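Peer 1: next come a sequence and a model predicted from it.
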Protein chains: 2
Amino acid sequence: MKGEKDVSEVKVEGKPEWLEELEEGIDAVPGFVCAATHCGIKEEGLDLALLVSERPSVVAGTFTTNKFRAAPVRVSEERVRKGRARAIIVNSGNANCCTDERGVRDAIETTKRVAERLGLAEEEVLVCSTGKIGIYLPVQKLLAGVDWLAANLGKNGEAAAEAILTTDTRKKTVGVRFVFEGRPFTIAGMAKGAGMICPNMATMLCFIFSDAGVEQAFLSAALREAVEVSFNSITVDGDTSTNDTVFVLANGVAGPVKEEERFNALFGEALRYVCLKLARMIVADGEGATKMVTVKVEGAPTAEDAKRVALTVANSMLVKTAVFGQQSNWGRVAAAVGRSGVEGYDPRKATVKLNGHLVLSQGGPEAVDEVSLEESMKKPEITIEVDLSAGSGSWQVWTSDLSYEYVRSNVDIP
Amino acid sequence: MKGEKDVSEVKVEGKPEWLEELEEGIDAVPGFVCAATHCGIKEEGLDLALLVSERPSVVAGTFTTNKFRAAPVRVSEERVRKGRARAIIVNSGNANCCTDERGVRDAIETTKRVAERLGLAEEEVLVCSTGKIGIYLPVQKLLAGVDWLAANLGKNGEAAAEAILTTDTRKKTVGVRFVFEGRPFTIAGMAKGAGMICPNMATMLCFIFSDAGVEQAFLSAALREAVEVSFNSITVDGDTSTNDTVFVLANGVAGPVKEEERFNALFGEALRYVCLKLARMIVADGEGATKMVTVKVEGAPTAEDAKRVALTVANSMLVKTAVFGQQSNWGRVAAAVGRSGVEGYDPRKATVKLNGHLVLSQGGPEAVDEVSLEESMKKPEITIEVDLSAGSGSWQVWTSDLSYEYVRSNVDIP
């Protein structure tokens, strides 16, 4: 698969014209530096990254809803609540999850070393881990790594984006810029993960940086909204990780704005775009993925209902294998819609479209150009549209297919 | 896979000593006859069966909760409510689902022909279909088939059990007998399906017959209870079919009993055993299944919570691939428990056991004999035990693993 994927080519509908997409990732954001190293958690390759804001930044974060939350999630969540942060230390290869109180102490000790080396308060340092569950961190290796990283900070965004990967086949970075009141504002981020599909691994991580000077309360609200339609609307295998974390830091280096409300609207839209693109990169790089599937649900009683239907279709093993097999097997879509648990619609009024072809309406099969439909199932992008004709609730999710390669990548542990 | 499976060897814990297991299936039940034929829905093989009670029988049924319920489900459900039935006509190869009002008319027309040929009231005839969704029934072929079947009724249980299969590799029949007040009472049934995992196919069907003379209200309650712990506690792929149906008919041929309450307790237990065994046969014959996995959850706040946790673990693609890969990757179990949505427990007090080995307790990994644990993962039966230490709710479900063969069987359409 490796050679075939270019996740940076992932298309996202509706990029605003005023938003310029950059070649660079977080290196494009003034006031942020980073470094990456191999500290010895993985057998080879970069496995530790330090991301630093040179100035105080406001921070917002969202975390996994899994009850078995990893130690770094517990530590970072408390610190993010204070609304300010300066640094993120993140390792790959070990999730530091199901590691009891020792895991928490290990996470705190790592942040303490970062704080000492950079002259920060311990509470300004956030921590993330991704990798295998149930193994204690090799703390001494991490501390030595921190010492090296603190002395080697710079515009090393690409190395950092690589150091946070586990079995991802590609780095995932996005940078955008827009002009407001005559000045440029930048937002850029990196992400890792492919659902929770990696062999022995877990976690979706995403770090976003901006030089905008937004309020913390606004930043939190904008992030929640962006995450809901992006990272919370993708699925590879339906397995919510124990370590999922998204951080956004904004350092205000670009200076204040006069029309704050109008600026915030643009900032929110730009942030959503960055999240959407990173989320779709994760799906495109999903283990074993050969197709990118968009599931659009309309006409549901509520948006929440629409999301539930969309996720049920997107997580159906039968739908996913049908897509992998390039089959126009829409009965599986109807069956998934019907078992989603959503009520308040009449199945006889629901419609299903595959790649734009109407296949189910008025409770029965539609006459369809089979040749053209079958041909369309061979494309790398598949669209499944469901209209429940029962309201104005709509939602859109993205998923990958279920291939032999998915099974292989989850059973062949090196 | 075909040659390796012998689903009749499936073991069910706790068969009562007073219950005798029979070699025969429904042919063992006095007063029931059947016939099977190839009517031309499938390209080859038996595809139509007629099951008949020679005497009026009380009937109870349970049906799919899928909103897209097939036409035969809609027709049969209404008829079962009347509590009496004499015959079941069932075809394989076509689900008669998403076939609008024409599908309902087709189902009714088929039952009408059965009623005419057997001299029954139309409403005493139930109907089931299993197979591909979204295709109209070839009704003329069915009607011709019915004519032949009605003229050839007899002790043809094995042929009928074969005629209801789609891609199942084995017939699934169970018969039991117990003695009460000096007389024998028989319960026997047949089932088909492997979740909704068959290529293009859907449906779990189960037909159970008894010569006991139980009341309809008791039969309904006993069936609901038995189905909840058996068919509603198995999962292959998490996809609830549009056609799932279980019928139980009791004709009273064995005569009345004096101690009805005590008899009903035994009958209920025997019925549960029959359902449990048929359900486990379905899992054992799951497409691509190489392992039978038992997931036991204890210590949940409620039994419903325990079931939810158990089903989340059993449906996790990561857990299923780990089992296929014979890995003791318990972090995936913990992650599935944590995302189940169940609240009211402390993850630090939860324990996980794999094949009897304690692997997670007090929030962290347990020292475990890795060699012995790894060796145990190679066995065909795998046990996952979760104790949430938060109450007395417990539940048990059975599932299969996720193999290359599962994917193959769902993409290679003949």
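Peer 2: Thanks, I have the structure now.

Peer 1: could you use CA atoms for every contact and neighbour count after this?
Peer 2: Fine.

Peer 1: do a quick rundown of the helices in the stretch 301-414 of chain A.
Peer 2: A:303-315, A:317-324, A:330-338, A:370-376, A:404-411 (DSSP state H, counting those that start in this stretch).

Peer 1: can you list phi and psi of the closest residue to A:Asn315 other than its chain neighbours for me?
Peer 2: Nearest non-adjacent residue to A:Asn315, counting by Cα to Cα, 6 or more residues apart in numbering or on different chains: A:Gly238, 5.9 Å away. Backbone torsions of A:Gly238, given as degrees, to the nearest 10, read phi 80, psi 0.

Peer 1: does A:Gly238 touch A:Ser316 like I think?
Peer 2: No: between A:Gly238 and A:Ser316 there is no contact under Cα atoms under 8 Å: 9.1 Å.

Peer 1: interface residues of the stretch 301-414 of chain A facing chain B?
Peer 2: For the stretch 301-414 of chain A, the residues in contact with chain B (Cα under 8 Å from any Cα of the partner chain) are A:316-318, A:321-322, A:324-325, A:327, A:329, A:331-332, A:334-339, A:347-348, A:360, A:362-365, A:402-404, A:407-408, A:410-412.

Peer 1: which positions in the stretch 1-150 of chain A make contact with chain B?
Peer 2: A:Thr65, A:Asn66, A:Lys67, A:Phe68, A:Cys98, A:Thr99, A:Asp100, A:Glu101, A:Lys132, A:Ile133, A:Gly134, A:Ile135.

Peer 1: ok, the residue of the stretch 101-250 of chain A found nearest chain B to B:Arg332 distance?
Peer 2: The stretch 101-250 of chain A approaches chain B most closely through A:Ile133 (5.1 Å), counting by Cα to the nearest Cα. To B:Arg332, A:Ile133 is 8 Å away according to Cα to Cα, to the nearest Å.

Peer 1: give me the distance between A:Glu260 and chain B.
Peer 2: Between A:Glu260 and chain B the computed distance is 39 Å (Cα to the nearest Cα, to the nearest Å).

Peer 1: chain center to the longest helix that chain A contains, what's the gap?
Peer 2: Secondary structure of chain A per DSSP state H: the longest helix is helix A:260-284. The chain centre lies 12 Å from the centre of helix A:260-284; the measure is Cα atoms, centre = their mean, to the nearest Å.

Peer 1: PyMOL command to pick out the buried ones of the residues of the stretch 1-150 of chain A next to chain B?
Peer 2: Those of the residues of the stretch 1-150 of chain A next to chain B that count as buried under 16 or more other Cα atoms under 10 Å in any protein chain shown are selected in PyMOL with:
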select buried, chain A and resi 65+66+67+68+98+99+100+132+133+134+135
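
Peer 1: widest-spaced pair of the residues of the stretch 1-150 of chain A next to chain B?
Peer 2: A:Thr65 and A:Ile135 (21.1 Å; Cα to Cα).

Peer 1: re earlier: could the helices of the stretch 301-414 of chain A be laid out in TSV, adding mean pLDDT, distance to B:Cys39 and mean neighbour count?
Peer 2: TSV is the format used below for these (pLDDT from 0 to 100; distance: least, Cα to Cα, whole Å; neighbours: other Cα atoms under 10 Å in any protein chain shown):
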stretch	mean pLDDT	distance to B:Cys39	mean neighbour count
helix A:303-315	93	34	25
helix A:317-324	90	28	27
helix A:330-338	90	24	26
helix A:370-376	94	27	14
helix A:404-411	81	36	21
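
Peer 1: partners of the strand ranked longest in chain A, with directions?
Peer 2: The residue-count maximum for a strand in chain A (DSSP state E) belongs to strand A:48-63. Paired neighbours of strand A:48-63 in the sheet (DSSP bridges): strand A:32-37 (antiparallel), strand A:84-94 (antiparallel), strand A:245-250 (antiparallel).

Peer 1: as a markdown table, those strands with mean neighbour count, distance to B:Gly255 and mean pLDDT would be great.
Peer 2: A markdown table is the format used below for the strands paired with strand A:48-63 (neighbours: other Cα atoms under 10 Å in any protein chain shown; distance: least, Cα to Cα, whole Å; pLDDT from 0 to 100):
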| stretch | mean neighbour count | distance to B:Gly255 | mean pLDDT |
| --- | --- | --- | --- |
| strand A:32-37 | 26 | 81 | 97 |
| strand A:84-94 | 25 | 67 | 96 |
| strand A:245-250 | 26 | 66 | 93 |
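
Peer 1: format the ones you listed as a markdown table; extra columns: distance to B:Thr173.
Peer 2: Formatted as a markdown table, the strands paired with strand A:48-63 follow (distance: least, Cα to Cα, whole Å):
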| stretch | distance to B:Thr173 |
| --- | --- |
| strand A:32-37 | 61 |
| strand A:84-94 | 48 |
| strand A:245-250 | 50 |
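
Peer 1: so for B:Lys155, which of the ones you listed sits nearest?
Peer 2: Closest among those, using Cα to Cα: strand A:84-94, at 61.9 Å.

Peer 1: may I have the closest one as PDB, with CA atoms only?
Peer 2: Taking Å, rounded to 0.1, in the frame of the first residue of the first chain, the C-alpha atoms of strand A:84-94 are listed here in PDB:
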ATOM      1  CA  ARG A  84      -2.800  28.200  29.100                       C
ATOM      2  CA  ALA A  85       0.000  26.000  27.700                       C
ATOM      3  CA  ARG A  86       3.600  26.300  26.400                       C
ATOM      4  CA  ALA A  87       4.700  22.900  25.400                       C
ATOM      5  CA  ILE A  88       3.600  19.400  24.400                       C
ATOM      6  CA  ILE A  89       5.800  16.300  24.900                       C
ATOM      7  CA  VAL A  90       4.600  13.300  22.900                       C
ATOM      8  CA  ASN A  91       5.900   9.800  22.500                       C
ATOM      9  CA  SER A  92       4.900   7.000  20.100                       C
ATOM     10  CA  GLY A  93       5.300   3.300  20.600                       C
ATOM     11  CA  ASN A  94       3.700   3.100  24.000                       C
END
